[in-house]
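> pasting the structure only:
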């Protein structure tokens, strides 16, 4: 866990004031830079020490066999693993003959700052070498949001006190040594040295390495170029080999003199293009970067971010921790998606190798809802990516003897990579999550183009899947059996409420979309009999409800299962200490499941049902998944447990700044970081869109004095300023200057003429705040009034 | 599949009249010889061609890592695999300089006969070498039932037509080349060359090789000795190396002259004993074999088998196929268990490497019921083996956060080796199957010694497991959720009827045993509160029943699941063509589950329930497991579908003689072979013992004119001769000459004074015979009247 003091609370920066080597891997994730296409972990310039060296290209992966001691029909045979590609971050420094290494000599100062408005990571170090030479090193690193293939580093060395001969070795390194990723030698064997050299070239200041992967047969190129500024004589030479290119800069610095190097990096990869085409593409990118120049890249970066923050920023008064954390989350969500451009947005973005770099339902379920309101173009691209894998999903459905399309539980390229079907293939809900993301995008942006371009066939494919998966019983009720809902501690169940409701929604959405696009539907061989069958199944969907207890059953029979005995000895996460065979048939929940249904499909539950369900499920939810706290925050806020909602918001937002799940080293938790926005905006702002209207129902917890957020809705830009007693809505611009909304259940109209202030309708909880499982009370928000 | 004509119908022999190389692997399994300690596949004397070379020692295994692409808590990390040990079967023949190989020259005659009374495999071949020399080779092979460590081969070569120089190389070969067992190189890597040489020695006629396994650290020794008889000069030399010992016999034979070699083999292994101790043990065994001599071994073999057949034989008039097959099954069941002596009886005995040589619930569920009635000492030893693994079962239960003992789903030594928990650990019923085997043994043999010696603690451990696994609901009903019953196509379900009833039975049996042994129970810390809790749970056990349909539900909600669409295109076994994620939530059944409950716990169902349940489940059972047909035979017979029962009996009995499951090459199906006895004796004989009384209710199908079987009951030997109209019971001997039985529901008494003839009570089926899933009608019995 990262201590509270490690990153001091500041609104727009994540600052590290001294180097803590024991959390080096975590800080590498926190300080990762990415634009969704290229990702650089926050490794030190000189390459080591490191927790996990990491340079990633979105969707550049290697295949590996998935082993099964007992295989079964339909099990995926190949996995896809993101790989650490050619590292261009490395700038090694020698002071006289001694390498700058924070573990030797004396580190007099070491500060790192992630600037979330500038989009840069700056490092400021003062070091005395073992021989007593003192230098200051200041590096600034960026991955360009405006230039998709480009990263750049400004590296400045200053001699202090006395003359020093300074050597900087700027490198491209392929096939870096990796820390052993697991005890299993089979995994390590393949992922070490994943790159096969194809070509290398260099001239005085520049070099390029081209490699390919062995099994997935993808080719990549990495190039570097340098601008060197120094008073006096300097020697710059470059050499290259198969796995290494090195530019060496040597000069002498008198006290106060500085060597400044700007290193431009460009990356490209392709599964199709030829070596010359790829080489020229990357050479062009680096030439463009050099032409734009360091200051030009910085300016463009800030401009890109200004535009983003203008639509996305959330201001939280009263809780500076959450203020900092929600911006950190939004910054990384943007970094994961900004220039992904029809590639996957992975669960950990491009910040680490956790989950093999796979994308899950996190993308459509947690990240896209935020992007749809704040960066809709990025959301559209993510939807296009998913749609581009439809052929693979259809193939998978056929393999599984199903109709339509079965999207993968986890993947990079689109093929199913889940090797444990009860928490993979059986989690069919990913298909409805995807369908709903298309529909949400259409509702929120008003852009029907994506639906026409690619959404309709996804909606039809997923509706067909659901219809073939479910069945009617003798009495006409429609069931889906043998599925796993979001809660992975209760798997392979019958009639999971979340899944059933989402499936019904999916089929209805698809039927409506076919109505809107009759010709396109006909092209997909959709008949009115088929859409009628979807509507009929959706209308007949069975929703298990326990009349005795007055709560919904997460799945058929859930409320009759054995209760889990939470004690002082219970260790979390349970999955590391208890077998599935015990967890599954117990009333113990990993993550919001029924509670998530009440968020996404809130209009299908009464107010009392929500209150009673929250009360019941809160007591049984361990939040062993990072996807849980944000949803619990939203529903706790809705039913009036505002302080608990505040705590959950903290937990969602601080997941990586505090390493709450003890695996930030492997990469950041994009869904939870996005969930911080959701917790604030949907929780305390009460934002809902599930019946097609922009609706709010704001109310603040004691510890937050004001909450201001912005969002986009069908071409409008809206600012919502929530105070203790009133919410002030400002329509900044939009198509015709008038926007109907709902506030606390009543309709209202916003105009661009001026802000509208509407009184908060206080929420009175029906029930007292529920307790959590023993030992799982949430991180208490620091500004909480309790 | 093996054709009907491959093994002509004969009552006491399995005869192969010509060598069919395309079913060589299957015939190696069919002709396997074993005594439960040493097993030799029916490989040709000269070693090749072969399907799968196989020499096995019970419980001599190697460890191998179990790989998981996504691991989970409590997953076993190591598997145990039976290995092909030092092959002593090899006798290579050279005629002049040409090796006798059935693929070259001209095979003028090749017959093999398994004699089930003699306990020998004889081969009779006439061969003309490529150079035109003609020889007759006759070999007879045995694995001694009386001498546990010993096998022997009589090998006779006769020159025909003209003089030949004959060379016989008799060998011990360790680390034989294996056919590639799977496409996965990880599996093959470990099991090739599993033996590490420890020592080797030889003198003129004899040799010994000692090896050890690398990971499991077991040591084995194999020795051979030879007696050579030939007119004229003969040269016998022996040499030995790490993995090979060879005795070479060279002589000249004139037409009609014979070379006769008797090769004695002895095997031993230990995890504890030293190399010298093991060496001397095996040297002693081979000296004993030589002292007994070939004829002495043959006589002892026949004597052992006479004794067995006297208790076990079943005579089937009217259906010679079943007659042959049931003896074949009983012979192999004896071979798998006779001298296992506190080692596991594997699912395939010692006939092949299928299922890695593991023992499953097949042992207690299918094999021991037969042995208990026919060879009770072998049954007792098998129970002692299971009890000897109790410490491991207790450890496993602790690991899984359970009380008591959790016996493994599959194992050689006792550790859980199942790498797929939904059809492994979740199949908790294995524990009740074990408990019931102890109880059945006590009831049937009247021997309480095993219960005192080791059974009580097994009963208590398993009862504790069940009690910690189940729970009471709000209304006091007792449930077991998240389990897998016998049917592996409907896994991880709630309230599986078979499991629930067996668990209740297990707890009751344990409580009663504690009453019988109060002091021993106290030593196990059993209190009257604990036994009361067992009885209470057993009394409150929930048994799902569908009132609307009037049938039991195999598990909670089963009769509401989606029906499987069996069509012309359905391919069996389904598990090779459909994913679990589709199979589990459908009304499609791999094997008798509820139907098995009606056999084992028949007194808990009414006659009408049985009829209706059979009708319902027959239509949905694919018999994709070899454990199914025998149980379906028993229940079909009980509810009056006698012809269908006859067909299922054929299918169970002929499983390997016809290779019905297409995997006889990997070894024989011991449970199904044992099940042939059960189908006849419990099906047409109506034998039941589940309420503690020896009960019969015989009735024959049209195609069987008379059925005579023998069994042992509490020291009595009983013969039952079932005719069309009457059953004649003969009490051959017993403790006091009087035995109360039940016949067709009425009590009767047998005495040693003479046979008792009781009239058959015809069974009138309540319902017509049900159909099977499309394409799964059973093998029609050849003598069926239909």
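Right, received. Where do you want to start? All of these numbers come straight from a predicted model, not from anything done at the bench.
> Report the secondary structure state of the residue nearest to residue A:314 when sequence neighbours are not counted.
Nearest non-adjacent residue to residue A:314, counting by Cβ to Cβ, 6 or more residues apart in numbering or on different chains: residue A:709, 4.5 Å away. In this view, the C-beta of every residue, glycine as well, is placed from N, C-alpha and C. Of the three states, residue A:709 takes strand under DSSP: H, G, I helix; E, B strand; the rest coil.
> Pop the domain breakdown of chain A in here.
If you go by automatic domain parsing, the domain ranges for chain A are A:13-67+A:77-285, A:334-690.
> Let me know which of those domains is tucked in deepest.
domain A:334-690 (a mean of 23; mean count of other Cβ atoms under 10 Å in any protein chain shown).
> For that one, measure first residue to last.
By Cα to Cα, to the nearest Å, the extent of domain A:334-690 from end to end equals 24 Å.
> Include mean pLDDT when you put the domains of chain A into TSV, please.
As requested, the domains of chain A are exported to TSV (pLDDT from 0 to 100):
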stretch	mean pLDDT
domain A:13-67+A:77-285	95
domain A:334-690	97
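> which one of those lies closest to residue B:607?
domain A:334-690 (26.2 Å; Cβ to Cβ).
> any chance of the domains of chain A in a markdown table, with distance to chain B too?
Formatted as a markdown table, those follow (distance: least, Cβ to the nearest Cβ, whole Å):
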| stretch | distance to chain B |
| --- | --- |
| domain A:13-67+A:77-285 | 4 |
| domain A:334-690 | 3 |
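> I'd like these as CSV, with distance to residue A:770 appended.
Listed next are the domains of chain A as CSV, based on distance: least, Cβ to Cβ, whole Å:
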stretch, distance to residue A:770
domain A:13-67+A:77-285, 32
domain A:334-690, 4
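> dump the residue contacts of residue A:616.
A:549, A:551, A:559 (Cβ atoms under 8 Å, 6 or more residues apart in numbering or on different chains).
> coming back round to it: which one of the domains of chain A lies nearest to residue B:313?
Of all the domains of chain A, domain A:334-690 sits nearest to residue B:313, with 43.4 Å by Cβ to Cβ.
> what about the closest one, distance to the chain center?
15 Å (Cα atoms, centre = their mean, to the nearest Å).
> you'd agree residue A:311 is up against residue A:371?
No - using Cβ atoms under 8 Å, residue A:311 is not in contact with residue A:371, being 10.2 Å away.
> show me where the stretch 401-550 of chain A has strands.
Assigned by DSSP state E, counting those that start in this stretch, the stretch 401-550 of chain A shows strands spanning A:471-472, A:478-479, A:545-546.
> Including distance to residue B:577, could the ones you listed go into TSV?
Listed next are the strands of the stretch 401-550 of chain A as TSV, based on distance: least, Cβ to Cβ, whole Å:
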stretch	distance to residue B:577
strand A:471-472	20
strand A:478-479	24
strand A:545-546	37
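> Point out the one among those strands that comes closest to residue B:435.
Residue B:435 lies closest to strand A:545-546 among those, at 34.7 Å (Cβ to Cβ).
> In terms of secondary structure, what does the helix or strand just after the closest one contact?
Using DSSP states H and E, the next helix or strand after strand A:545-546 towards the C-terminus is strand A:551-552. Counting contacts by 3 or more Cβ pairs under 8 Å, 6 or more residues apart in numbering or on different chains; DSSP states H and E, strand A:551-552 packs against strand A:545-546, helix A:607-618.
> Which helix runs longest in chain A?
Using DSSP state H to define each element, chain A has its longest helix at helix A:275-312.
> Longest strand of chain A, counting residues only.
Assignment by DSSP state E gives strand A:258-270 as the longest strand of chain A.
> now it, how far from the chain's geometric center?
Per Cα atoms, centre = their mean, the displacement of strand A:258-270 from the mean C-alpha position of its chain is 26 Å.
> cool, and stretch A:16-34?
18 Å.
> Between the two ends of that stretch, how far is it?
End-to-end distance for stretch A:16-34: 19 Å, by Cα to Cα.
> Need phi/psi at residue A:388.
phi -70, psi -10 (degrees, to the nearest 10).
> Distance check, it against residue A:253.
To residue A:253, residue A:388 is 52 Å away according to Cβ to Cβ, to the nearest Å.
> Pairing partners for residue A:199 in the sheet, please.
Beta-bridge partners recorded for residue A:199 (DSSP bridges): residue A:210.
> contacting residues around it?
A:208, A:209, A:210, A:275, A:279.
> distance of it from residue A:240?
Shown here: residue A:199 relative to residue A:240, a distance of 10 Å by Cβ to Cβ.
> Which residues are in contact with each of the two?
With Cβ under 8 Å, 6+ apart, residue A:199 and residue A:240 have common neighbours A:208, A:209.
> Grab the two from the contacts of residue A:199 that are most spread out in space.
A:209 and A:275 (11.9 Å).
> Let me see the contact set for the spatially most central residue of chain A.
Compute the mean C-alpha point of chain A, and by Cα atoms, centre = their mean the closest residue is residue A:670, 2.5 Å away. Applying Cβ under 8 Å, 6+ apart to residue A:670 gives the contacts A:332, A:333, A:336, A:345, A:346, A:347, A:348, A:349, A:362, A:366, A:367.
> what ranges do the helices span in the stretch 1-150 of chain A?
For the stretch 1-150 of chain A, the helices defined by DSSP state H, counting those that start in this stretch occupy A:24-30.
> how about the strands of it, start to end?
Secondary structure of the stretch 1-150 of chain A (DSSP E, counting those that start in this stretch): strands located at A:13-16, A:33-34, A:38-40, A:55-57, A:61-65, A:78-82, A:91-95, A:98-99, A:106-115, A:120-128, A:134-143, A:150-160.
> Distance to residue B:32 added to those strands, as a markdown table?
Output for the strands of the stretch 1-150 of chain A, formatted as a markdown table (distance: least, Cβ to Cβ, whole Å):
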| stretch | distance to residue B:32 |
| --- | --- |
| strand A:13-16 | 70 |
| strand A:33-34 | 62 |
| strand A:38-40 | 59 |
| strand A:55-57 | 56 |
| strand A:61-65 | 34 |
| strand A:78-82 | 38 |
| strand A:91-95 | 67 |
| strand A:98-99 | 68 |
| strand A:106-115 | 70 |
| strand A:120-128 | 69 |
| strand A:134-143 | 66 |
| strand A:150-160 | 67 |
